[in-house]
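> Mind looking at a prediction? Sequence and model below.
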Amino acid sequence: MFKMEPRLVVTKYRGSEVFKSFDIPLTGQGMDNIALTSDWSVTVRSEGSIDHPNGQMLEAEFQSDSISNESTVALSFHLSGWSVENYVLVPGAVYAGNRFEVRELSYAPCWSRIDDAGPDVPNLITDVPRLSNEAGVPSAIHLLTGDAATPAIGIIDQKSATGWLFVTKQGTALGDSSMHVVENEDRSSVRISFQAPGVRPSTKYEMTTTKVPSADRGHDFKPGDKVQLSCRLYRFPCSSVQDLFERFAAVRRQGLPAASLAPSLPFSAAWEIQESKYNAMNWNNELGYYAVGTVDMKHQDWQVGWVGGGMSSLALLLEGSELSVSRALDTLRFLFSSQTEAGFFHGVCHNGQWYGDEFNDDPDRRYPKQWHILRKSADALYFIMKHLLALEQVRPDFEIPADWLDGTRRLADAFVRLWHRYGQFGQWVHTGTGDTIIGGSAAGGIAPAGLALCGEYFNEDCYTFVAEQSARQYYRQFTSQGITTGGPGEILQCPDSESAFALLESYIVLYETSEDQEWIERAEEAALQAMTWCVSYDFDFPKGSTFERLGMRTTGSVIANVQNKHSAPGICTLSGDSLFKLYRATGNKRYLELLREIAGNLPQYLSREDRPVRGWDGRDMPPGYMSERVNMSDWEGESFVGEVLPLSCWCEVSLMLSYAELPGIYVNRTSGDITVIDQVKCRLEEGAELALVVTNPTAYPAEVKLLAETEEEAAIPLGSCGHVEWRRVQVGPGETVRVVL
């Protein structure tokens with residue numbers, strides 16, 4: 001087991017370079033007026049035990065007794081008996097220490113710019129904050145708290161099967177703090193530190209490089225100046241990464257008030273704005289499809305899957321007007337027109353011309369225009385199946401064209417061929433041949449969900465078999481190891497949240513199609529891993545920033561990946577109904593509460609006429625726009641923290657799917673618990689009949705979806721379209737209605 005020694009530290013800087021550092025061990029409890037140096041005194045308070053489920057709170061109040069310019073204070077923890085085999089977690093920023101092979105590429109990093117290729121490439125990442133694999137090379141991670149979903153550092157001591165969590169706050173009166181993991185030269189010890197104000201020595205991370213000079217500076221302390229720094233420590237038995245995620249889930253919001261939703265507008269009101277915007281601005285009338293954006297540029301036109309192509313159409317099919325439904329069906333027709341001989345889809349279309357997915361226009365690149373991000377066709381397979389199943393429910397008279405059914409089989413067959421040839425789906429394929437160009441990663445993590453639905457729909461065991469086998473392989477290689485990689489197409493194979501949620505979706509679909517409890521166990525593990533990517537608190541944005549001015553709340557936003565260090569509204573590109581289904585199967589409210597945090601806070605990000613969201617270009621975004629940027633990190637520069645990329649983005653699709661697939665109100669009739677995801681207030685009224693009293697405090701009319709069921713009813717899987725039959729409650733602005741259950 002580690003020997004852990006807490007220490008108190010004061011560091012003087014010259015610019016961002018360390019000039020002098022003073023530290024002493026903290027060996028007692030409740031000590032007062034410790035003389036750190038002749039110029040500094042510290043009062044320390046502690047409460048609780050590191051081995052208790054609630055952990056130990058350690059607070060240190062540092063006081064400068066003289067002038068101390070460009071200085072910081074820190075709580076530091078020195079751990080001896082260290083090994084590079086130990087798992088290191090910073091939620092949303094570091095997974096397994098990010099110890100992977102690195103390729104230094106400018107944005108957007110592209111595989112066709114490097115020599116690595118084939119089904120057996122090692123896991124390659126870009127130049128992101130990480131611990132080093134190379135002996136004798138400095139190995140350290142320096143982050144600000146805004147780089148993480150929760151300002152915390154977790155580790156697993158493999159030898160003793162012991163886990164540790166160190167959790168701090170965003171910052172102090174001096175601003176945001178910093179978090180540090182620093183290994184010694186021979187990797188036999190490590191130091192974990194939380195520092196105020198936050199200073200990253202020498203360099204910082206920006207957009208695929210860790211080599212940007214740091215502009216961080218210490219504080220100029222005057223005599224009598226004080227600053228308080230705190231950390232909560234936990235030590236616990238931990239034989240697997242899932243034990244670490246389990247304990248993290250239990251404490252990620254400890255000490256915070258119950259999460260409240262950001263005041264906004266009801267889902268149904270947001271839907272009206274979005275549907276209008278999609279028909280006015282996203283519809284390509286010439287070629288007949290809903291584009292993923294609104295700007296006349298290559299990657300804002302058509303991209304299948306990933307950022308919303310052939311996914312927004314599902315929401316519009318389920319909830320839209322006759323015009324929207326007609327256009328959703330046309331979008332499917334266009335999608336099938338893009339299928340290649342190999343069975344996969346062309347990834348990009350702009351002005352009627354098909355392109356490959358690689359972010360590289362070099363005419364000498366390998367396979368020009370033939371690179372395809374497998375995640376895109378995996379998304380397409382899953383969402384095509386959801387369209388087909390939805391049509392049976394909402395448009396039973398619609399005759400599904402034979403070429404759609406044939407195209408769906410051809411796509412599923414392409415995945416089956418990949419599996420039988422390579423024993424994996426890989427990350428990139430050649431659109432012409434269907435062969436793997438780049439293997440590895442969890443990029444195709446949603447493919448088992450699509451195959452499982454295909455197996456059930458077409459009554460084909462070959463699809464079901466590959467769905468189950470591939471999902472088990474994904475579990476062994478990724479979920480059980482606490483790492484999911486490569487979901488976005490422009491991060492090489494950095495750890496990411498999108499593939500974590502994709503695997504959760506697959507495990508849930510496999511449970512619903514087989515009713516085998518194996519998949520619920522896998523889904524619970526995937527959900528805990530996905531939870532680490534979800535912001536657990538409301539970030540304090542800089543004064544005057546767009547997010548501060550609008551009162552934006554970050555709880556429930558989802559960090560994209562360790563390269564693109566922004567959080568985002570919602571899951572890319574899903575409603576999160578897998579969390580709801582997991583709650584129904586287990587009765588564990590943590591999944592329902594996480595879903596409420598994610599989906600319930602989505603409407604606040606929608607630009608609308610009466611509350612426009614201003615982009616960082618200084619212009620108000622049109623009604624219906626949502627930006628993917630929830631920038632707590634300065635990965636794009638300090639001036640962009642709390643500011644908005646002024647583009648129509650995939651997160652709009654996540655909001656539309658949330659309205660289509662989630663209940664706004666969920667009532668557990670057995671326990672009497674009510675969970676509200678929509679912008680209404682509810683209470684149960686018991687008497688001769690059980691009734692729900694619903695109040696709409698907003699200025700918008702609300703049509704709220706209601707599901708009330710017993711725990712016995714909740715044990716029955718919903719399937720892909722259970723939401724179609726949910727009750728809808730109409731509540732006018734400021735109105736209260738009584739609904740008999």
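Sure thing, it's come through. All of these numbers come straight from a predicted model, not from anything done at the bench.

> Ramachandran angles for residue 446?
phi -90, psi -10 (degrees, to the nearest 10).

> actually residue 77, not the one I wrote
According to degrees, to the nearest 10, residue 77 has phi -130, psi 110.

> List the contacts of the closest residue to it other than its chain neighbours.
In space, residue 77 comes closest to residue 192 once its chain neighbours are excluded; the distance is 4.7 Å by C-beta to C-beta, 6 or more residues apart in numbering. (Glycine included, C-beta is placed from N, CA and C.) Counting by C-beta atoms under 8 Å, 6 or more residues apart in numbering, residue 192 touches 76-77, 79, 153, 155, 166, 179-181.

> Which of those ranks first by neighbour count?
residue 153 (27 neighbours; other C-beta atoms under 10 Å).

> I'd assumed it was in a strand, is it?
Yes: under DSSP: H, G, I helix; E, B strand; the rest coil, residue 153 sits within a strand.

> what helix or strand does the residue nearest to residue 77 sit in?
Here residue 192 is covered by strand 189-196, with elements defined by DSSP states H and E.

> Strand partners (parallel or antiparallel) of the helix or strand following that strand?
Using DSSP H and E, the helix or strand that follows strand 189-196 towards the C-terminus is strand 203-206. Here strand 203-206 is paired, per DSSP bridges, with strand 209-213 (antiparallel).

> Would you mind writing the CA trace of the partner strand as CSV?
Taking C-alpha atoms only, strand 209-213 is exported to CSV below (Å, rounded to 0.1, in the frame of the first residue of the first chain):
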residue,chain,number,x,y,z
THR,A,209,-0.3,20.7,-28.2
THR,A,210,1.0,20.9,-24.7
LYS,A,211,3.7,23.3,-25.6
VAL,A,212,2.0,26.7,-25.5
PRO,A,213,3.8,29.0,-23.0
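
> Would you mark the buried spots in it?
Using 16 or more other C-beta atoms under 10 Å as the burial criterion, the residues of strand 209-213 that qualify are 209-210.

> How far away from the center of its chain is that strand?
Strand 209-213 sits 24 Å away from the centroid of its parent chain (C-alpha atoms, centre = their mean, to the nearest Å).

> neighbouring contacts of that strand?
Residues from elsewhere that reach strand 209-213 (C-beta under 8 Å, 6+ apart): 16, 104, 106, 127-129, 202-206.

> can you do 7 Å?
127-129, 203-204, 206 (C-beta atoms under 7 Å, 6 or more residues apart in numbering).

> Kindly report the same for stretch 449-465.
378, 381-382, 385, 388, 408-409, 412, 415-416, 466-467, 505-506, 509-510, 513, 720.

> residues of it that come out buried?
449-458, 460, 462-464.

> Local confidence estimate at the residue nearest to residue 77?
Per-residue pLDDT puts residue 192 at 98.

> likewise the one 3 residues further on?
Per-residue confidence at residue 195 stands at 98 (pLDDT).

> Was I right to think it contacts residue 72?
Yes: if you go by C-beta atoms under 7 Å, residue 195 and residue 72 touch, sitting 5.0 Å apart.

> List the buried residues in stretch 49-57.
50, 55-57.

> for stretch 356-375, that is, sorry about that
356-359, 365-367, 369-375.

> for the residues you listed, which one is nearest residue 299?
Distance to residue 299 across those (C-beta to C-beta) is lowest for residue 359, with 8.7 Å.

> Contacts only, for that closest one.
Residue 359 is in contact with 108, 110, 490, counting by C-beta under 7 Å, 6+ apart.

> That one is in what secondary structure piece?
Assigned by DSSP H and E, residue 359 belongs to no helix or strand.

> Which residue ranges of the stretch 101-250 of the chain form strands?
101-102, 124-125, 140-144, 152-157, 162-167, 171-172, 175-176, 178-183, 189-196, 203-206, 209-213, 219-221, 226-237 (DSSP state E, counting those that start in this stretch).

> angle of the longest one against strand 162-167?
Translated: strand 226-237. 160 degrees (axes from the mean of the first three to the mean of the last three C-alpha atoms, to 10 degrees).

> Paired strands for strand 226-237, with orientation please.
strand 56-64 (antiparallel), strand 162-167 (antiparallel).

> Grab the most central residue of this structure for me.
residue 558 (3.4 Å; C-alpha atoms, centre = their mean).

> Angles on the backbone of that residue, please.
According to degrees, to the nearest 10, the main-chain angles of residue 558 amount to phi -120, psi 120.

> ok so, going back, go through the contacts of residue 192 and name the one nearest residue 569.
residue 179 (24.7 Å).

> care to break the chain down by domain?
3-93+129-250, 369-532, 667-740 (automatic domain parsing).

> Would you reformat those domains as CSV and include distance to residue 264?
Shown next, in CSV, are the domains of the chain (distance: least, C-beta to C-beta, whole Å):
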stretch, distance to residue 264
domain 3-93+129-250, 22
domain 369-532, 23
domain 667-740, 6
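
> Just say which of those domains is most tucked in.
domain 369-532 (a mean of 23; mean count of other C-beta atoms under 10 Å).

> and the end-to-end length of it?
36 Å (C-alpha to C-alpha, to the nearest Å).

> how far is stretch 115-130 from where the chain is centred?
That offset, for stretch 115-130, works out to 21 Å (C-alpha atoms, centre = their mean).
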